[in-house]
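Engineer: Task: produce atomic coordinates for the following.
(one chain, ligands or ions: 2)
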Amino acid sequence: MSTELDIEIDFAREIASLKRELNAVILAHYYQESEIQDIADFTGDSLQLAQQAAKTHASVIVFAGVHFMAEVAKIINPQKTVLLPDLNAGCSLAEGCPADQFEFFKGRYPDHLVISYINCSAAVKALSDLICTSSNAEKIIRQIPAEKKIIFAPDQNLGRYLMRKTGREMVLWPGSCMVHAIFSEKKIIQLKVRYPNALLLAHPECEESVLRLADHIGSTTSILNFAIESPAKEFIIATEPGIIHAMSKKAPEKIFIPAPPDSSCACNECPHMRLNTLEKVYRSMRNRFPEIDMDESLRLRALRPIQRMLEMS
Ligand code: 13P
Ligand code: SF4
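Structural biologist: Ligands and ions are numbered 1, 2, ... in the order given. Down below sits the predicted model:
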């Protein structure tokens with residue numbers, strides 16, 4: 001929505017000046033608006049963003065992503081200011097796994113190791129032995145001794161995909177992503193008929209019925225790299241369509257078609273990710289608010305499984 005502020009302020013220029021003033025770094029996920037990706041110091045997937053947060057020397061981290069991502073940056077950097085342009089930018093996976101219910105669930109499997117997908121709250125991370133992202137989950141699971149039983153939370157689609165890939169049985173928390181779970185298998189098949197040369201690239205948060213049709217399955221970075229390196233010219237993209245911005249920049253001659261959801265919409269944007277706008281990035285830097293704040297004992301408990309992930313990645 002356009003405001004008076006839009007007309008008066010060159011947000012990109014003001015953000016650049018605030019960046020110098022605050023000694024700030026702007027980290028953006030691939031699902032952010034194109035104009036946010038364009039002014040970010042680094043755009044990447046969840047693992048790359050956590051790795052960038054772990055190595056930055058900036059005093060302020062502006063996290064253009066969702067709450068759990070900014071929370072990870074704060075857990076790693078308690079002394080730094082971590083700003084999230086819209087504090088309401090949540091995640092259906094994190095919200096679908098409340099810590100008290102997860103603790104009860106975990107209590108039913110006392111001899112299991114808990115591996116949690118990074119898309120969860122700090123409180124759930126604190127109940128976990130290991131964290132993973134979509135780009136390192138398989139590698140991490142393969143490092144766990146075969147006799148060790150595993151609980152995987154909170155994404156059951158990613159969990160099932162990992163079970164098929166690694167041959168490991170895991171107990172799954174029954175959560176899913178509101179974006180990836182609603183891609184329409186039927187509409188994707190129709191698109192494949194219309195674009196017979198197009199390859200289907202899918203994120204492992206998608207339902208099994210969609211993954212079965214995919215020519216490549218991987219994290220946002222993996223999908224991006226595949227699209228650039230592949231000799232194919234047309235791709236159907238079954239993940240949040242924000243990634244298409246980076247694809248079109250790196251391979252402008254190729255055609256990227258967003259996979260449609262099971263609704264009347266043509267593409268499938270994450271309503272949480274899209275709460276952030278360039279104006280909100282600017283305001284958060286100008287006001288040093290909203291800032292991520294965290295209880296120190298929770299932070300320390302959530303830090304351990306994240307550190308293990310960074311070491312094992
Ligand atoms: P990756 O960043 O690991 O590709 O995961 C995508 C996602 O859904 C983040 O919310
Ligand atoms: Fe969460 Fe799905 Fe949005 Fe990613 S795309 S932030 S998993 S709701």
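Engineer: Report pLDDT for the residue lying closest to Cys132 once chain neighbours are set aside.
Structural biologist: Distance criterion C-beta to C-beta, 6 or more residues apart in numbering; nearest residue to Cys132, sequence neighbours excluded, is Ile140 at 4.7 Å. C-beta: built from backbone N, CA, C; applies to glycine. According to the prediction, Ile140 has pLDDT 98.
Engineer: Now for Ile140, how many residues are close by?
Structural biologist: 18 (other C-beta atoms under 10 Å).
Engineer: And Glu147, by the same measure?
Structural biologist: 5.
Engineer: before we move on, what about Pro271?
Structural biologist: Neighbour number of Pro271 under other C-beta under 10 Å is 12.
Engineer: sorry, back to before: so after the helix or strand encompassing the residue nearest to Cys132, what's the next helix or strand?
Structural biologist: According to DSSP states H and E, Ile140 maps onto helix 137-142. Next helix or strand after helix 137-142 toward the C-terminus (DSSP H and E): strand 150-153.
Engineer: thinking again about what came up before, list the buried residues in the helix holding Ile140.
Structural biologist: By 16 or more other C-beta atoms under 10 Å, the buried positions in helix 137-142 come out as Ala137, Glu138, Ile140, Ile141.
Engineer: Nearest residue to the second one in space, please, no chain neighbours.
Structural biologist: Nearest-residue entry for Glu138: Lys165, 5.5 Å, with adjacent residues in sequence omitted and distances by C-beta to C-beta, 6+ apart.
Engineer: How many residues are close by that neighbour?
Structural biologist: Lys165: 14 neighbours (other C-beta under 10 Å).
Engineer: where's the nearest residue to Ala198 once chain neighbours are set aside relative to ligand 2, distance?
Structural biologist: The spatial neighbour of Ala198 that comes closest, neighbours along the chain excluded (C-beta to C-beta, 6+ apart), is Glu234 at 3.8 Å. Glu234 sits 24 Å away from ligand 2, going by C-beta to the nearest ligand atom, to the nearest Å.
Engineer: cool, and Glu229?
Structural biologist: With C-beta to the nearest ligand atom as the criterion, Glu229 and ligand 2 are 24 Å apart.
Engineer: returning to what we had before: between the buried residues of helix 137-142, which is closest to ligand 1?
Structural biologist: Distance to ligand 1, by C-beta to the nearest ligand atom, is smallest for Ala137 among these, at 8.8 Å.
Engineer: so that closest one touches Arg160, yeah?
Structural biologist: No - with contact defined as C-beta atoms under 8 Å, Ala137 does not count as touching Arg160 (11.9 Å).
Engineer: Show me which residues of the stretch 151-300 of the chain sit near ligand 2.
Structural biologist: Within the stretch 151-300 of the chain, the positions adjacent to ligand 2 are Cys177, Met178, Val179, His180, Glu240, Cys270, His272, Met273 by C-beta under 6 Å from any ligand atom.
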